[in-house]
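Engineer: Mind folding the following:
(one chain, ligands or ions: 4)
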Amino acid sequence: MIDGYKRRIDYLRISVTDRCNLRCVYCMPPEGVKQTPHREILTLEEFGRVVDAASDLGINKVRITGGEPLVRKNILKLFQHIAKNPGIDDISITTNGVLFLQMAEDLKKSGLNRVNFSLDSLDPDKFKEITRLGKFNEVWRGIEKAIALNLHPVKLNVVAVRGVNDREFGDFARLSREMPLHIRFIELMPIGECNPWAVDNFISAEEIVRKLQQEFGPLQAETKVTGNGPAKYFRLPGAKGTLGFITAISEHFCSTCNRLRLTANGQLRPCLYGNQEFDLKKALRRGAGRQELAELIAKGIRQKPGQHHMEEGWSDLRVMSQIGG
Ligand SMILES: Nc1nc2c(ncn2[C@@H]2O[C@H](COP(=O)(O)OP(=O)(O)OP(=O)(O)O)[C@@H](O)[C@H]2O)c(=O)[nH]1
Ligand SMILES: C[S@@+](CC[C@H](N)C(=O)[O-])C[C@H]1O[C@@H](n2cnc3c(N)ncnc32)[C@H](O)[C@@H]1O
Ligand code: SF4
Ligand code: SF4
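Structural biologist: Ligands and ions are numbered 1, 2, ... in the order given. Model prediction:
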């Protein structure tokens, strides 16, 4: 469906849980965020009903995210449901990778096409410091498994944080030469917990590009790597993988935005950074049919804002793990 700004909306990101087995410094406080009671979180069957209704409006790509999507019990059932919908041709996941290795084959069999891992450091001690609870080797073995299972393109999300991983950009670039990995540097966004810390530790994509070019010479622009998101891609000469940049702050990409979000508690959120939400949970739980759900989703699409206003600050009670990134 086309929205009020002539953008084709065809991508739905679903946060299937607000729970997580890590506590990344930019996302959650050490004790975690207050969890939504289980009864408030949509069931897998309810998520499936929303996907089916959304597919009637032209949504053909779905990303499962969270919190950590792989901690959601029976999550494979949701993949299996979505895979049966002939309107959906791309099913992906964004994960911290902790549980990926053990679930990888079942995820693939259940319909997963490709995976984006969050990995902010290649140094195990630093990785532990950033995630507070993570073990680098567990995640790394999951990444290798995703490559072995051909869940291509396999992407790494690296949130750039000053004083934390800003000495590692070159190491990530070298990794893209050696392995078929698509490494995306993400600008730190002042959302939820990390606001205003994020403002002080922000690094622009431009600064990262400058540092990389000093070391590796000019970066060659690459035609878009398969994906539905906003990253712009480059390749080092002869590299197996690519380097990408997600410039949510320095150069927002709202004019080409193609997505909707569904929060873990069933709120349709047309914009990551806009606090307007449409209550699908209420409709689902009073028994709304597919057409009625589709009409509600269409209303959300029609009211999707033209762009974000991050410069005005975060005035929302939600945090990233509830919205799904
Ligand atoms: N401001 C903003 N940031 C976004 C948006 N979509 C994705 N991002 C950021 O990009 C990060 C990486 O997104 P992913 O979950 O890996 O998904 P993606 O980049 O859409 O995925 P691909 O389909 O592989 O291109 C997110 O965590 C956000 O930080 C968006 O619509 N607006
Ligand atoms: C909220 S997480 C959910 C999925 C999964 N737990 C993971 O980490 O991949 C989705 C993405 O959001 C990113 N993210 C979280 N907080 C962020 C922030 N303040 N700014 C930019 N990206 C952020 C994470 O790095 C991750 O790539
Ligand atoms: S970024 Fe992902 S892994 Fe890290 S705390 Fe947030 S939800 Fe968990
Ligand atoms: S900030 Fe909102 S409008 Fe802009 S790209 Fe993200 S979701 Fe789309």
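
Engineer: Pop out the phi and psi values for Ile183.
Structural biologist: phi -100, psi 120 (degrees, to the nearest 10).

Engineer: And Arg39, by the same measure?
Structural biologist: phi -70, psi -20.

Engineer: Glu68: neighbour count?
Structural biologist: A count of nearby residues for Glu68, using other CB atoms under 10 Å, gives 22. C-beta coordinates here come from the backbone N, C-alpha and C atoms, glycine included.

Engineer: show me the contacts for it.
Structural biologist: Going by CB atoms under 8 Å, 6 or more residues apart in numbering, Glu68 touches Thr17, Arg19, Cys20, Asn21, Leu22, Thr95, Asn96, Val98, Leu99.

Engineer: quick one: stretch 14-27 near ligand 4?
Structural biologist: No. Using CB under 6 Å from any ligand atom, stretch 14-27 never reaches ligand 4; the gap is at least 13.5 Å.

Engineer: Can you show me the CA trace of the helix or strand where Phe47 lies as CSV?
Structural biologist: Secondary structure assignment for Phe47, by DSSP states H and E: helix 44-55. The C-alpha trace of helix 44-55 is given here as CSV (Å, rounded to 0.1, in the frame of the first residue of the first chain):
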residue,chain,number,x,y,z
LEU,A,44,2.2,-16.3,18.4
GLU,A,45,-1.2,-17.0,16.8
GLU,A,46,-2.1,-13.3,17.2
PHE,A,47,1.2,-12.2,15.5
GLY,A,48,0.3,-14.6,12.7
ARG,A,49,-3.1,-13.1,12.2
VAL,A,50,-1.6,-9.6,11.9
VAL,A,51,0.9,-10.8,9.3
ASP,A,52,-1.9,-12.4,7.3
ALA,A,53,-3.9,-9.2,7.4
ALA,A,54,-0.9,-7.1,6.6
SER,A,55,-0.1,-9.3,3.6
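
Engineer: For it, name the packing helices and strands.
Structural biologist: If you count contacts as 3 or more CB pairs under 8 Å, 6 or more residues apart in numbering; DSSP states H and E, helix 44-55 packs onto strand 11-15, helix 75-83, strand 259-262, helix 280-285, helix 290-302.

Engineer: Quick check: residues of the chain near ligand 2?
Structural biologist: Counting by CB under 6 Å from any ligand atom, the residues of the chain near ligand 2 are 20, 26-27, 65-66, 68, 94-96, 118, 157, 159, 186, 188-189, 191, 194, 198, 320-321, 324-325.

Engineer: Please enumerate the strands of the stretch 101-250 of the chain.
Structural biologist: 114-118, 154-160, 181-187, 220-222, 232-235, 242-246 (DSSP state E, counting those that start in this stretch).

Engineer: Excluding residues flanking it in the chain, which one is nearest the residue in the stretch 201-325 of the chain that ligand 1 sits nearest to?
Structural biologist: Going by CB to the nearest ligand atom, ligand 1 is nearest to Gly229 of the stretch 201-325 of the chain, at 2.3 Å. Closest residue to Gly229 apart from its sequence neighbours, by CB to CB, 6 or more residues apart in numbering: Ile246 at 7.1 Å.

Engineer: Show the model's pLDDT score for the one you found.
Structural biologist: As predicted, Ile246 sits at a pLDDT of 96.

Engineer: Please apply the same query to the one 5 residues further on.
Structural biologist: The predicted local confidence for Glu251 comes out at a pLDDT of 90.

Engineer: Over to Lys281?
Structural biologist: 98.

Engineer: Show the contacting residues for the closest residue to it other than its chain neighbours.
Structural biologist: Among residues not flanking Lys281 along the chain, Gly266 sits closest, at 2.9 Å (CB to CB, 6+ apart). For Gly266, the contacting residues are Ile41, Leu42, Glu46, Val50, Asp279, Leu280, Lys281, Lys282, Leu284, by CB under 8 Å, 6+ apart.

Engineer: pretty sure Phe278 is touching Thr263, no?
Structural biologist: No. Shown here, Phe278 and Thr263 do not form a contact pair, counting by CB atoms under 8 Å, at 10.5 Å.

Engineer: Give me the common contacts of those two.
Structural biologist: With CB under 8 Å, 6+ apart as the test, Phe278 and Thr263 both reach Arg269.

Engineer: Tell me where this protein is predicted with low confidence.
Structural biologist: 192-195 (pLDDT under 70).

Engineer: The closest residue to Arg259 other than its chain neighbours: neighbour count?
Structural biologist: In this structure, Arg259 finds its nearest non-sequential neighbour in Tyr11, 4.2 Å apart by CB to CB, 6+ apart. Tyr11 has 21 neighbours, counted by other CB under 10 Å.

Engineer: wait, what's in contact with Tyr11?
Structural biologist: Neighbours of Tyr11 in contact, by CB under 8 Å, 6+ apart: Ile59, Lys61, Val62, Arg63, Asn228, Asn258, Arg259, Leu260.

Engineer: As CSV, those residues with neighbour count and distance to Arg167 would be great.
Structural biologist: Formatted as CSV, the contacts of Tyr11 follow (neighbours: other CB atoms under 10 Å; distance: CB to CB, whole Å):
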residue, neighbour count, distance to Arg167
Ile59, 26, 40
Lys61, 19, 35
Val62, 29, 36
Arg63, 24, 30
Asn228, 17, 31
Asn258, 16, 34
Arg259, 21, 33
Leu260, 26, 37
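
Engineer: Great, nothing more from me.
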